[in-house]
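>>> Got a predicted model here, sequence first, then my questions.
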Amino acid sequence: FVCTLAMIVTSLGVAPVTVYAYTEQASYYDRDAKEVKTVSAEVITADMTTWDGATSKWYVVKGKVEINTRVTVTGDVHLILADGAQLKAGRGIDVSAENALTIYGQTDEVTKNTGKIEANGVSMSGIGGTYYGSACGKITITGGVVDAKSIYDGAGIGGGSGVDGGIITITGGTVTATSVNGAGIGGGANSSIGATLKGGTITITGGTVTAKSNSGAGIGGGL
């Protein structure tokens, strides 16, 4: 019987399994419109290492999620940090040239329940460029709690090692960005040729921002 069953299964083959992304309605605070809006967003899971703006423009973090591979953002991605959410990107988030990431909270003000993202890079940025890769893209933070750091030559938010900063805009939320040799917010370090990298275009109109570096600028160019 077992042999017969095995022969039947083999002859029929196994149908491919289609995995569908889990989406749900998620609210976010639109700082430009000064109101809470709701969209259909894909829920972030630990195995989602590519956030594709062409496939899902909106994503939402719920609960505690840890991603141990560097996340790659392609296209124009909008990320909602739900209240109580904690996202840890252990290798940081890559937002290179021609790509964009906008981060939202669910409320106007930051409270103890506000969603948080922690992004850690090494020679790459916490959020932004990679190691001697393409330029940093466009990063916008409108809410939530964002803690981004590079433990070596990348910027906390901005360029990776050997990479200039991109277009970085902060209008709300609580942002902490730190680095050793790169800028806290801005350009990465390029100490191998003794050149100071450009910080990019940095605009801060709201929120609470802490940016510091051991050797680079807090906000501006890397070492």
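Yes, it's here.
>>> Tell me which residue is most central in the protein.
Central residue of the chain (C-alpha atoms, centre = their mean): Ile93, 4.3 Å from the mean position.
>>> does that residue have beta-bridge partners, and which?
Val71, Ile127 (DSSP bridges).
>>> Hmm, Thr69 and it touching each other?
No: using C-beta atoms under 8 Å, Ile93 makes no contact with Thr69, being 10.8 Å away. All C-beta spots, glycine's among them, are computed from the backbone N, C-alpha and C.
>>> returning to that earlier point: for the residue nearest to the centre of the chain, list the residues it contacts.
Contacts for Ile93 (C-beta atoms under 8 Å, 6 or more residues apart in numbering) come out as 70-71, 73, 101, 119, 126-128.
>>> By mean pLDDT, flag the weakest helix or strand of this structure.
Lowest on mean pLDDT, DSSP states H and E among the helices and strands of the chain sits helix 2-12, with a mean of 42.
>>> Restricting the selection to alpha carbons, write the helix or strand just after that one to CSV.
Sequence order places strand 23-30 as the next helix or strand after helix 2-12, per DSSP states H and E. Provided in CSV are the C-alpha atoms of strand 23-30 (Å, rounded to 0.1, in the frame of the first residue of the first chain):
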residue,chain,number,x,y,z
THR,A,23,-2.5,42.7,4.4
GLU,A,24,-4.8,44.6,6.7
GLN,A,25,-6.2,48.0,7.2
ALA,A,26,-3.7,50.2,9.1
SER,A,27,-4.0,53.8,10.3
TYR,A,28,-1.2,56.4,10.2
TYR,A,29,-0.9,60.1,11.0
ASP,A,30,-0.6,62.2,7.8
